[in-house]
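> Output the structure for:
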Amino acid sequence: MNREKKIPLIRLSKRDGMESWKVWCIRAGSVLFALALGALVMGLAGANPVSAYGVMISGALGKKSAIRQTVKIAVPLLGCALAIAPCFKMRFWNIGAEGQITAGAIAASYFALFWAGRLPSPVLLTVMGLAGALAGGLWALIPAFFKARWNTNETLFTLMMNYIVIGVVRWLQGGPWEGRKGSQIIPQFDEAACLPRVLGVHCGWIIVLVLVVFMHVYMNHTKHGYEIAVIGDSVNTARYAGMNVGRVMMRTMFLSGAISGIVGFIVASGANNTLYDGVAGGVGFTSITVAWLSQLNAFAMVGISVLLAVLSKGAETLQTRMAVPTSISDIITGILLFCMLGCEFFINYKLIFRGAGKKEARHG
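Below is the predicted model of the structure:
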């Protein structure tokens, strides 16, 4: 009796494995559960849930113009998720993608503002992209070096660096790069420094899709990807195998920052056509959710990014057409993300109630 009391009422146990169809059933069930909770929230707000969901879908995918806007939202999300994936697989918690995007946008903007008349458009855009990648990579390399050399906390280091580079942009807005005096606004880019449109959307979506293929191959079919996976599983094992862990960390972070820098170039040159302190738009943080939901799978990130973009664009339409507050839309998005992340817990772990083992033994 005493022994039974010592056993907790509910215990967690890691699953050995689960059939693929069960995994997808749990994931589908979590989405349906989230939609049901979202319907309840919209009902409490005085909106018809069925009509509201219809408005969100039509607002994001109903017209060509809406689809283009949805793609614009999805592009930086996908690009940034690809950037942080190798770091997370290595268990290096890069929370600084926001700053790395901004650093890339600054470097690209320099050439857009001061070299537009000196270089032909294709050359200028190429230089802007390379400058963005280099700046983002070098900005990410700083916390990686400190981690490799002195084992600093990369989460806090990368997070704090976001605010430094955003402060630099604010200084540029009101100082050297300010357009009209007192405006605190950097001038719009020359047309030669703006990404051309393909199918009505800036060609950044093509760049990001190329990066999807590249990152899939890099993570799963190269020596570098193998080293990242080994370090993520066990740093000691990696060292025992002769890997230079510090060098791999710095190389991986440089790659991560470089991709984030390219995203900064795409956002500044393709979507905004200028630079301002909110150029990253919170993408660096939202993309963490995209990376985790996709289980760091590059192709799965495409679907997750599009889903979040549909929710974001649909939320705007919901506010304008049905006068539903933006906060309600944010709550629904939060519920969906929470349920989608929570379902992974039940895929990997199972709950064991006190006495369950005895029943199984009795039936056996």
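> Contacts only, for the closest residue to K72 other than its chain neighbours.
What sits nearest to K72 in space, not counting adjacent residues and going by C-beta to C-beta, 6 or more residues apart in numbering, is A271, at 5.6 Å. (Each C-beta comes from the backbone N, C-alpha and C, glycine too.) A271 makes contacts with K72, V75, P76, H202, G204, as judged by C-beta atoms under 8 Å, 6 or more residues apart in numbering.
> In strands only, show me those residues.
H202 (DSSP state E).
> Let me have the contacts of A271 in JSON lines, extended by pLDDT and distance to V245.
Below are the contacts of A271 laid out as JSON lines (pLDDT from 0 to 100; distance: C-beta to C-beta, whole Å):
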{"residue": "K72", "pLDDT": "95", "distance to V245": "39"}
{"residue": "V75", "pLDDT": "97", "distance to V245": "33"}
{"residue": "P76", "pLDDT": "97", "distance to V245": "31"}
{"residue": "H202", "pLDDT": "95", "distance to V245": "39"}
{"residue": "G204", "pLDDT": "96", "distance to V245": "34"}
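> Local confidence estimate at the residue nearest to K72?
For A271, the pLDDT comes out at 92.
> would you say it is within a helix?
Yes. A271 forms part of a helix when assessed by DSSP: H, G, I helix; E, B strand; the rest coil.
> Out of the contacts of A271, give me the two with the largest separation.
With C-beta to C-beta as the measure, no two of the contacts of A271 lie farther apart than P76 and H202, at 11.1 Å.
> Neighbour count for these two, which is higher?
P76 (29 against 22; other C-beta atoms under 10 Å).
> which residue packs closest to that one, ignoring adjacent ones?
Using C-beta to C-beta, 6+ apart, the closest residue to P76 is V283 (4.6 Å).
> What distance do you get for that neighbour to A193?
As judged by C-beta to C-beta, to the nearest Å, V283 and A193 stand 21 Å apart.
> ditto for A74
From A74 across to A193, the span is 23 Å (C-beta to C-beta).
> Out of the contacts of A271, flag the one nearest to T289.
So of those, ranked by how close each gets to T289 (C-beta to C-beta), first place is P76, at 13.7 Å.
> close enough to count as contact, the closest one and S260?
No. P76 lies out of contact with S260 (C-beta atoms under 8 Å); the separation is 9.6 Å.
> anything in contact with each of these two?
Common neighbours of P76 and S260 (C-beta under 8 Å, 6+ apart) are I101.
> and the helix or strand where A34 lies, which residues are buried?
A34 belongs to helix 20-44 when assigned by DSSP states H and E. By 16 or more other C-beta atoms under 10 Å, the buried positions in helix 20-44 come out as V23, R27, S30, F33, A34, L35, L37, G38, A39, V41, M42.
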